[in-house]
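Novice: build the 3D model from these lines:
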Amino acid sequence: MHPSPVIQHIYDQLDLRHDRQQQISLLVSKLIKKYNIQYGEQLRLILGIVKHCDNYTALEHWVNQNYDLVNTGIFEENFQQLENKFLKLIPQPI
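Specialist: This is a model prediction of the structure:
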């Protein structure tokens, strides 16, 4: 027996939401590793996150906010676009 179309639609939406959150987690992890982001609280200010939170949570919020703007369906392309946006926000040493 197959679920009703409404139930199937709900299942599909849950799958999409899960996939999106999984991609965001992987993107956040890759940024943390690549740029050796340390636990602290200063990154949220640079990323424009108002909520008081640690660097990892701030980065997750930021990626979550920007994910739909860059999502091409290809992980590496998404990462490159997010990385470029991220680097534009980070102050460069003189």
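
Novice: packing partners of the longest helix seen in the chain?
Specialist: Of all the elements of type helix in the chain, the one with the most residues (DSSP state H) is helix 5-34. When contacts are defined as 3 or more C-beta pairs under 8 Å, 6 or more residues apart in numbering; DSSP states H and E, helix 5-34 sits against helix 55-70, helix 75-89. C-beta coordinates here come from the backbone N, C-alpha and C atoms, glycine included.

Novice: run through who's touching the first one.
Specialist: The one in question is helix 55-70. With contact meaning C-beta atoms under 8 Å, 6 or more residues apart in numbering, helix 55-70 is reached by 20, 23-25, 27-28, 31-32, 37-44, 47-49, 51, 53, 77-78, 81-82, 85-86.

Novice: try it again with 7 Å
Specialist: Residues from elsewhere that reach helix 55-70 (C-beta atoms under 7 Å, 6 or more residues apart in numbering): 20, 24, 27-28, 31-32, 37-41, 43-44, 47, 49, 78, 81-82, 85.

Novice: report the angle between that helix and helix 5-34.
Specialist: On the basis of axes from the mean of the first three to the mean of the last three C-alpha atoms, to 10 degrees, helix 55-70 is oriented at 120 degrees to helix 5-34.

Novice: any stretches of the chain with poor pLDDT?
Specialist: Along the chain, segments meeting pLDDT under 70 span 9, 11-16, 18, 94.

Novice: still on that earlier bit, may I see the buried residues of the longest helix of the chain?
Specialist: For helix 5-34, the neighbour count (16 or more other C-beta atoms under 10 Å) marks 23-24, 27-28, 30-32 as buried.

Novice: just stretch 72-87 next, same as before
Specialist: For stretch 72-87, by 16+ other C-beta under 10 Å, it's 78-79, 81-83, 86.

Novice: nearest to residue 4, of the helices and strands packed on helix 5-34?
Specialist: Smallest distance to residue 4 across these (C-beta to C-beta): 28.8 Å, for helix 55-70.

Novice: and the angle from that closest one to helix 75-89?
Specialist: Using the same axes, to 10 degrees: helix 55-70 against helix 75-89 is 120 degrees.
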